[in-house]
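Engineer: Need a 3D model of the following:
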Amino acid sequence: MRPAALFWKAGFGRYLDMYLLRITVCTLGIIAGLGCAMAASDAAAPVSDEPTREDCHAAVAEARALAAALPADHLSRYFAERHLHQALVEAGNGEFDECIDMAARASDELRERRHELRAGEKLKVLGPHE
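Structural biologist: Numbering: from 1, shown residues only. I've put the predicted structure just below:
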């Protein structure tokens with residue numbers, strides 16, 4: 001027998017087989033990982049649940065339409081317009097969730113009409129100088 005064949009029979013072949021098996025498994029793992037990463041990057045980005053400026057302006061417009069149905073001196077309209085003003089302030093600050101919340105408060109105020117003036121009463125709003 002040749003000396004190389006004796007060396008192979010002595011156990012080196014088992015180590016070489018294990019080494020090749022490890023390289024094969026690692027290579028397949030890397031290829032599978034790259035494939036998953038590429039598939040994940042092609043997936044659509046998740047849709048954000050955060051409200052946008054357009055959502056805010058739509059909510060304010062809806063509440064303004066409800067407010068326009070009430071007389072200008074109606075107390076609920078007055079409070080609703082204050083809420084709408086605050087909603088626009090929040091939108092200007094980039095707080096669109098607060099904007100939608102304030103527009104919802106205005107809509108609730110207009111739908112429920114929590115504030116009513118008694119017969120003969122008038123709404124008198126003081127100016128900043130008074």
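Engineer: can you give me the helices for the chain?
Structural biologist: Taking DSSP state H as the criterion, the chain carries its helices at 3-7, 13-42, 53-68, 75-92, 96-112.
Engineer: model confidence over the shortest one, on average?
Structural biologist: Taken as a whole, helix 3-7 carries a mean pLDDT of 55.
Engineer: same thing with the fourth one?
Structural biologist: Taken as a whole, helix 75-92 carries a mean pLDDT of 91.
Engineer: mind listing what's buried in it?
Structural biologist: For helix 75-92, the neighbour count (16 or more other CB atoms under 10 Å) marks 75-81, 83-84, 86-87, 90-91 as buried. Just so you know, the C-beta spots here come from the backbone N, C-alpha and C atoms, and that holds for glycine as well.
Engineer: returning to what we had before: out of the helices of the chain, the one nearest residue 120 is which?
Structural biologist: helix 75-92 (13.8 Å; CB to CB).
Engineer: Residues in contact with the closest one: which ones?
Structural biologist: Contacts with helix 75-92, where a contact means CB atoms under 8 Å, 6 or more residues apart in numbering, come from 53, 56-57, 59-60, 63-64, 66-67, 70-71, 96, 98-103, 105-107, 109-110, 112-117, 123, 125.
Engineer: swap the cut-off to 6 Å and go again
Structural biologist: If you take CB atoms under 6 Å, 6 or more residues apart in numbering as the criterion, helix 75-92 is touched by 56, 60, 63, 67, 70, 98-99, 102-103, 105-106, 109-110, 113, 115, 117, 123.
Engineer: where in the protein is pLDDT low?
Structural biologist: 1-17, 40-48, 115, 130 (pLDDT under 70).
Engineer: Phi, psi for residue 70 please.
Structural biologist: Dihedral pair for residue 70: phi -90, psi 150, per degrees, to the nearest 10.
Engineer: Can you give me every residue that contacts it?
Structural biologist: residue 77.
Engineer: Please repeat the previous calculation with a cut-off of 7 Å.
Structural biologist: Shown in contact with residue 70 (CB atoms under 7 Å, 6 or more residues apart in numbering): 76, 77, 110.
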